[in-house]
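Visitor: what's the 3D shape of this:
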Amino acid sequence: MALEEKVRELIAVGASIAANNPPEVKYHIIRARELGADDAALNDAVDIGKQVRRGAASKTDAFALSLATTPVQRERGGCRKGGGGRGNGQGDGCGCNGQKAEQ
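Guide: Numbers count the residues shown, from 1 in each chain. Predicted coordinates for the structure are as follows:
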């Protein structure tokens, strides 16, 4: 492997934070310390993970808001319940015209 194991663990710390996975954060911080990572390196990894998480959350929030504030037309068959309106994206159904979606 091209990366040192300590560097791989620091990357895993940031990725675990970005993924909101506390058990993995703990595991990778402990492992990184065992491999010689100091406080400064761990703080950098934590900060990078937080930045990635904030960026992803911000984009997800904006995407959800755009869907909530504009009409969205679902693809035909998107409703697992069947039926549900004309599907014109105006909040009157999913547009599946009563066809059951494949499970």
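Visitor: what comes into contact with stretch 13-25?
Guide: 12, 27-29, 32, 42, 45-46, 48-50, 52-53, 56 (Cβ atoms under 8 Å, 6 or more residues apart in numbering). For the C-beta atoms, the positions are set from N, CA and C on the backbone; glycine is no exception.
Visitor: which of the residues you listed count as buried?
Guide: Neighbour-count burial (16 or more other Cβ atoms under 10 Å) applied to the contacts of stretch 13-25 gives 12, 28, 29, 32, 42, 45, 46, 48, 49, 53.
Visitor: for these, which one is nearest residue 1?
Guide: residue 12 (13.2 Å; Cβ to Cβ).
Visitor: mind telling me what element that closest one is part of?
Guide: Element membership of residue 12 [criterion: DSSP states H and E] is helix 5-18.
Visitor: just the buried residues of that helix, please?
Guide: Under the neighbour-count criterion of 16+ other Cβ under 10 Å, helix 5-18 has 6-18 buried.
Visitor: name the helices or strands packed onto the worst-scoring helix or strand of the chain on mean pLDDT?
Guide: Ranked by mean pLDDT, DSSP states H and E, the helix or strand of the chain with the weakest confidence is helix 39-69, at a mean of 93. Judged by 3 or more Cβ pairs under 8 Å, 6 or more residues apart in numbering; DSSP states H and E, the packing partners of helix 39-69 are helix 5-18, helix 22-34.
Visitor: report the angle between the first one and helix 39-69.
Guide: Using axes from the mean of the first three to the mean of the last three Cα atoms, to 10 degrees, the interaxial angle of helix 5-18 with respect to helix 39-69 works out to 30 degrees.
Visitor: cool, and the shortest one?
Guide: Angle between the axes of helix 22-34 and helix 39-69 is 160 degrees (criterion: the same axes, to 10 degrees).
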